[in-house]
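Enquirer: build me a model from this:
(chains A, B, C, D and E, ligands or ions: 4)
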Amino acid sequence: MKSVSPPPTAPAPPRRVGERLVDQPQVPLLGRIQRAMHAHPLLGPTAVLILACIFFTIAVGPRFIEPLNISLILQQVQIIGMVGIAQTLIILTGGIDLSVAAAMVFSTVIAGKLAAEAGTPPLLALLLALLTGAVCGSLNGALVTRFRVPPFIATLGTLSIFTALNLYVSGSQTIKANALPDLLLWPGQTFHVLGAPVTFGSVLVLAAFIVVSYILRRTAWGEHIYAVGDNAEGARLSGIRTSRVLISVYIVAGVVCAIAGWLLIGRVGSVSPFSGEGVNLASITAVVIGGTSLFGGRGHVLGTLLGALIIGVFSNGLTLTGVDVLWQVFTTGVLVIVAVGLDQWTRKVAG
Amino acid sequence: MKSVSPPPTAPAPPRRVGERLVDQPQVPLLGRIQRAMHAHPLLGPTAVLILACIFFTIAVGPRFIEPLNISLILQQVQIIGMVGIAQTLIILTGGIDLSVAAAMVFSTVIAGKLAAEAGTPPLLALLLALLTGAVCGSLNGALVTRFRVPPFIATLGTLSIFTALNLYVSGSQTIKANALPDLLLWPGQTFHVLGAPVTFGSVLVLAAFIVVSYILRRTAWGEHIYAVGDNAEGARLSGIRTSRVLISVYIVAGVVCAIAGWLLIGRVGSVSPFSGEGVNLASITAVVIGGTSLFGGRGHVLGTLLGALIIGVFSNGLTLTGVDVLWQVFTTGVLVIVAVGLDQWTRKVAG
Amino acid sequence: SGSSKPLVGLITKTDDNPYYVKMREGAQQKAAELGFELQALSGQGQSDNDSQVKAIENLIARGAKGIMIAPSDSEAILPAIKKARDAGVFVAVLDSPTNPASAADATYATDNFQAGVLIGKWAATQFSGKQARIAMLDLSPAQVAVDVQRDQGFLQGFGIDVADKSKIGDESDSRIVGHEVTNANEAGGRTAMEKLLQRDRSINLVYTINEPAAAGAFESIKAAGLENKVTVVSIDGGCPGVKDVKAGAIGATSMQFPLKMAGDALQAISAYIKDGTRPATSQGLDFTNTGVTLISDKPAAGVDSKDTAWGLANCWG
Amino acid sequence: MTTTSNPARTRQITPILSARNLVKRYGHVTALAGADLTLYPGEVLAVIGDNGAGKSSLIKCLSGAVVPDEGEIRVKGKPERFRTPLDARSAGIETVYQHLALAPARDIAANVFLGRELRKPGPLGWGLRMLDRKTMRQETAKILGDLGLLTLQNIGQAVETLSGGQRQGVAVARAAAFGSRVIIMDEPTAALGVKESAKVLNLIAEIRDRGIPVILISHDMPHVFEVADRIHIQRLGRRIACVQKTEITMNDAVSLMTGAQTPPEDHDPETIPERLVRQ
Amino acid sequence: MTTTSNPARTRQITPILSARNLVKRYGHVTALAGADLTLYPGEVLAVIGDNGAGKSSLIKCLSGAVVPDEGEIRVKGKPERFRTPLDARSAGIETVYQHLALAPARDIAANVFLGRELRKPGPLGWGLRMLDRKTMRQETAKILGDLGLLTLQNIGQAVETLSGGQRQGVAVARAAAFGSRVIIMDEPTAALGVKESAKVLNLIAEIRDRGIPVILISHDMPHVFEVADRIHIQRLGRRIACVQKTEITMNDAVSLMTGAQTPPEDHDPETIPERLVRQ
Ligand SMILES: Nc1ncnc2c1ncn2[C@@H]1O[C@H](COP(=O)(O)OP(=O)(O)OP(=O)(O)O)[C@@H](O)[C@H]1O
Ligand SMILES: Nc1ncnc2c1ncn2[C@@H]1O[C@H](COP(=O)(O)OP(=O)(O)OP(=O)(O)O)[C@@H](O)[C@H]1O
Ligand SMILES: [Mg+2]
Ligand SMILES: [Mg+2]
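Expert: Ligands and ions are numbered 1, 2, ... in the order given. Here you go, the predicted model:
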């Protein structure tokens, strides 16, 4: 290709002087990166994700970045991602939900029992599972708003309650794929993109992120969620029905967990009352890596998607490099800290 | 005994009228209870504890309240209690520590390895274990203050790191009592009170609660911990070295965890790298049941003692009543919520 | 990742339980002998299926030739195993059989029910003519397969009607004082035992899910001054456990052979890679039984057992 | 509205907002010990009093932010029970709180429209319920510009990064833009500069001229005497007097407020504002 | 200190605190664009300016609460770098911040003594490091009583339950009780009642009479002209003028501050306060 040099007489672009009262002075590169990241809070997690991908592509070889593996990573993070959406909503209000995994599993057990044993039509079973999620969420919401139990404790309590109910209803028995209707297994079905199998579940998760991101940024409800998390008393004084906002958030989070349950059935290919271990902590981790503040009111759900992907890329990449499980645990710990530390550094500019 | 009726002419006690500008009006009993509880925040958890004891004494019979069982409950909650002290300190600063259990177990492994295999003198091994705790704590503290990693993430990361190191150092091997020096097993030794065996560990925990309570209420350091948790920026502007306070809190918490590790060796009678399961969540639960706010700056370490006892009484009492484990899980969930809900109700008066 | 050796993965339930740590070490040794590269992975808990599924997927992606797995969930893992086998990977199940066992290429496992039966029978001989008061120290409220099989095996071996064989705690025999969970560790064992003793101090026979739980239980028995009145039985066959048998803290334990499981599985993988042969299962079973041996210094009539000297020579770590 | 200048008939004007015997206790502290308040249509009522006299507590009861332990609130003579700020807002009462009710991490426009966001017109609005951020920004810029309250470098700034006075400007602008029946302002000029304070006082006069009554809490006597019609003097949780501005000097007001002087025996705190009488 | 009334020699008095060319940027917002400040011993320097002019940012640099991006601070002519508020405090600079630096859940005494708690005398103090809460309470009650700042029902109240003015009183009392070399007050009377404001102004005069200079930020011109010696006028992040109180009228000050008027060409913002010149 022929390289084109600029015509020597080209006039300098007109500089708009005095546009601001005080001219923005020259800032060193590092400072400019910091500022850009501050203005676009998703840049930090995105950078971490890209760096991680580059690192693993070098360490593992092109196998890491090929469509098949990307599709695999997407499948592996879909549950954490979906539950992470629920967790983000709740953390944005200044709460935390320890019962997400239990609610998710409980709704799968309900769906499975109904469809496989009670002979309920598949669609109805699925809807009832979503309803279960909503009921779980509204219990949490009622405890938090009506009885003023702090979210941590309310959901710690319901974690036990849902777990017990779950074991009771399921009788600790797994329901196998062949007893389940196709509808329940649908999120695990695949279609092909670039020769790589992609599950409908992965698509569902991505769609859910887009929808929730839209809701949070573009609707009044989203606005109120942020306001409640930012300053609950101020929001109340501004005429926002804070209790109603909170309850609705918990209910929506419950339904999202139930959808995550559906994905779980599709992914595992059965209904197992013991699934979902580690999902609580992983979902919170994804939210925080994504830059959402645990104190509420600040953050973005797309950050959670990035957070979940970062977790997935690390876990997949470390396995592919052949690191032993002991050192995977170690490295994961280090990486979580580094990812968030890097993100914090970009925020320091706010002073 | 002869009942004495008051002399009929006794003058009414002098009423000090107009002492306050506005006379305190008659308040209904419920309101008065609420106010008393508000003025004395430990009343709530104390009431829950007493109610629970009464309930189980009725349900189980006098066996529940006999010295032997009380001593057992004390032994059963000593680890949670000791770790709860560390957790309280950190939560008071507005943080949270997910690595407490891992730090505790790691320090037991160090002590055990040194004493049983490297031939280190027992006292030195114990001191090095405490040092291990301090190092773990200062790592957390450095991450939180220097690198501004939120405590939740910092300690989530170090949880993985300590766990991996712990497995690496111990090789997952249990070190049996007969290989351990008496000093390390001492907290498990008993003496008798009212015919019931009491372990030195239980006494150590109670002593630790008294000491830490004194420090928090009566020293400048305690005052600064509360101020930092209450309003970190305000404390900084008031000339408090907030980073130094935070680091010192994390180090002390690490040492307290190491002491909890010592108790653990005494209780289990061996050094096992995979003890300490559930201690993280239980310690946080004890802190919150004890009325300490997860947002920092408000609460009291003696509340944590009450919280740990409440957990112990429930778990012990439910077993003694012969409830199935499944329903024990369920009931524990309900009880945690009720205990905190009751406490919240007493606070509502602050409106 | 640059090595040209064929890759074999080992997926255990947890990475901290000594049982699996030893299994991993044994496998590592054997793999080196056979010229394999071994990668060890694990779940995050006794019932964490999700991590194991991920581990299988990642191993397939890494191009593993064989996978050994101790499944946390004997049924939920099946689709992932099928995926691996469809990709041409030889899957050997270790320790806990899948349901059905035929879902894997080979299974090397302890018959956990049989392990329970052995200690149950042994205990029955110790309590002939004496009223037993039994404490059952189980794993977790979740009633996972190992937990149920060992618990029910013990009760059946002891001669108690277990009612539903797939359910813990539905027995109505008055000799059972109660069930408590221990999370299979020392601290849990101690607390659970204390609680049951407080409920009924006449307990004289204690079943424990594994030896760490037994060690913890024994601490509380000792603290209650009942060490001469109570018999503890357990399952595992780890070296600390055998030492406890020798010291009298545990009356008898059923020894399993995790190293043999891993070793046999690696052999089978090796053979399969060489010429496609598949191993046969043990007679009358749908899996290869790596055997259980009762270890006790008090041999009982009608129950085969080995003494602790043999036990110490054959324990797994 | 028809009134005569006959003082005997003045009682017939229904107050637009009135409170009787409000009591509010916080634990051992009594913030309101039987406070009254009367606000007539179209007047500016200044509430003055020492720190801790219960001014903020009083208006919090009127705005639904706290529920009084005892006492009665009437709007246009009809008893009302405000359980939440939203109740008061639906009754047309808009409030600027002393500790500003803002969401610090949100930007200025979001704060101005908090709780009554605008939606896009057309299907995007009623179908997708999409917010019309652009219009909200423009409106905000317009409101702030009209009021001249803010010298802002960046309209997209989060409220927490604004200077103390800028924040107060945002809160006042919000109330002014939406107030419909009554506007209550708790020390709106406390953090404002000279120019900005003057703007707010002008604004209050304008609002009054539009017929909307205003309750103004302030410690600044010149401000109070500049804009108020009547002055409500609060002391130790009670209204001890309420007088026409023209009937009292600044010094007397301060003496009453600090307790250096007591109101005359025959003082009637319910007199109609002269402005109305004159009409 | 000896000075003559010869204006040519006035420059020889070393300022106790001075700042040159301070710049502070927050992201895209420039709060200080090369601000100067000079404080002479024994004077009250008022800082006035519009909302957002950078007054609070300026004093935050002087008190170590923020570190300026550029510029130099000198104490008694010696360059200093304050990295934390503690540095400034050790240099004897005591500050009342606009957004009060209080711990809301702690009681009043704890807040007054925050960061310099008193210990019990004797072994309890140096051995057990026991706080002397009783003395701290008594001292607090005394300080507050002397200043007449608070009408409090309960000295053990948490600061978050105090009224807006009461909180400000606590913050002012704290600075006044400990200030040693310089006291800076950012709008100390903004939330205070008439009586309490007067007390604070008195207090400022008293402090000055003890020889300790005070920087006072205020929007209240009568207050400023009552107590200040010199008036520093801040505009758009810069000092545009600094004049003797006697040389300027209130109206001119406001015009300068709002930009309606510019200072004369030959204006020298570094003139020595008349008070010192007169001595
Ligand atoms: N939440 C609360 N808890 C306890 N006491 C309170 C609470 N809110 C207010 N008070 C007390 O009630 C009294 C009246 O407070 P209020 O805020 O109404 O005063 P104010 O007249 O607005 O004072 P200021 O002019 O300083 O704003 C004060 O003594 C204050 O300490
Ligand atoms: N942390 C921050 N982030 C971004 N901008 C800030 C921050 N702090 C202050 N500013 C901006 O700097 C400018 C100066 O603010 P400053 O608080 O110094 O003003 P001020 O003169 O004290 O005003 P006021 O009289 O209202 O208190 C304002 O435009 C403000 O928005
Ligand atoms: Mg007020
Ligand atoms: Mg300011």
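Enquirer: what about whatever residue of chain A ends up closest to chain D, distance to chain E?
Expert: At 3.5 Å from chain D, residue A:237 is the closest residue in chain A, using Cβ to the nearest Cβ. Where C-beta positions appear, they are placed from N, C-alpha and C, glycine not excepted. According to Cβ to the nearest Cβ, to the nearest Å, residue A:237 and chain E sit 15 Å apart.
Enquirer: quick one: contacts for the closest residue to that residue other than its chain neighbours?
Expert: Distance criterion Cβ to Cβ, 6 or more residues apart in numbering or on different chains; nearest residue to residue A:237, sequence neighbours excluded, is residue D:101 at 3.5 Å. The contact partners of residue D:101, taken as Cβ atoms under 8 Å, 6 or more residues apart in numbering or on different chains, are A:231, A:233, A:234, A:235, A:236, A:237, A:238, D:171.
Enquirer: the fourth one against residue A:223, yeah?
Expert: I take that to be residue A:235. No. Taking contacts as Cβ atoms under 8 Å, residue A:235 lies outside contact range of residue A:223: 10.0 Å.
Enquirer: comparing these two, which residue is more hemmed in?
Expert: residue A:235 (28 against 25; other Cβ atoms under 10 Å in any protein chain shown).
Enquirer: which helices and strands does whichever strand or helix holds the more buried one pack with?
Expert: In the assignment (DSSP states H and E), residue A:235 maps to helix A:232-237. Under the contact definition 3 or more Cβ pairs under 8 Å, 6 or more residues apart in numbering or on different chains; DSSP states H and E, helix A:232-237 sits against helix A:220-230, helix A:242-268.
Enquirer: residue C:265: what's it in contact with?
Expert: Applying Cβ under 8 Å, 6+ apart, we find residue C:265 in contact with C:66, C:68, C:92, C:94, C:106, C:108.
Enquirer: switch to 7 Å and redo it
Expert: Neighbouring residues of residue C:265 by Cβ atoms under 7 Å, 6 or more residues apart in numbering or on different chains: C:68, C:92, C:94, C:106, C:108.
Enquirer: in strands, which of those appear?
Expert: C:68, C:92, C:94, C:106, C:108 (DSSP state E).
Enquirer: skip the chain neighbours and tell me the closest residue to the second one.
Expert: Meaning residue C:92. Take residue C:92 and drop its neighbours on the chain: the residue closest to it by Cβ to Cβ, 6+ apart is residue C:265, 3.8 Å away.
Enquirer: mind listing the strands for chain A?
Expert: According to DSSP E, chain A carries its strands in the segments A:190-193, A:196-199.
Enquirer: how about the nearest residue to residue D:23, chain neighbours excluded?
Expert: Using Cβ to Cβ, 6+ apart and skipping residues adjacent in sequence, the residue nearest residue D:23 is residue D:70, 4.0 Å away.
Enquirer: so how far is ligand 2 from that neighbour?
Expert: With the distance defined as Cβ to the nearest ligand atom, to the nearest Å, residue D:70 ends up 39 Å from ligand 2.
Enquirer: in the stretch 101-250 of chain A, which spans are helices?
Expert: Counting by DSSP state H, counting those that start in this stretch, residue ranges of the helices within the stretch 101-250 of chain A are A:122-145, A:151-170, A:182-185, A:200-218, A:220-230, A:232-237, A:242-268.
Enquirer: the ones you listed: which one's closest to ligand 4?
Expert: The minimum distance between ligand 4 and these falls on helix A:232-237, with 20.1 Å, by Cβ to the ion.
Enquirer: what's the burial count for the residue of the stretch 201-350 of chain A at minimum distance from chain B?
Expert: Proximity to chain B, evaluated over the stretch 201-350 of chain A using Cβ to the nearest Cβ, is greatest for residue A:333 at 2.9 Å. Residue A:333 has 24 neighbours, counted by other Cβ under 10 Å.
Enquirer: please apply the same query to residue A:293.
Expert: By other Cβ under 10 Å, the residues close to residue A:293 number 17.
Enquirer: apart from its neighbours in sequence, what residue is nearest it?
Expert: residue A:299 (5.7 Å).
Enquirer: ok, that neighbour to ligand 2 distance?
Expert: 19 Å.
Enquirer: so how many other residues sit close to that residue?
Expert: For residue A:299, the neighbour count with other Cβ under 10 Å is 24.
Enquirer: just checking, it touches residue A:92?
Expert: Yes. Counting by Cβ atoms under 7 Å, residue A:299 touches residue A:92, with 6.1 Å between them.
Enquirer: quick check: buried residues in stretch C:23-41?
Expert: Of all the residues in stretch C:23-41, those buried under the rule 16 or more other Cβ atoms under 10 Å in any protein chain shown are C:23-28, C:30-31, C:34, C:36-41.
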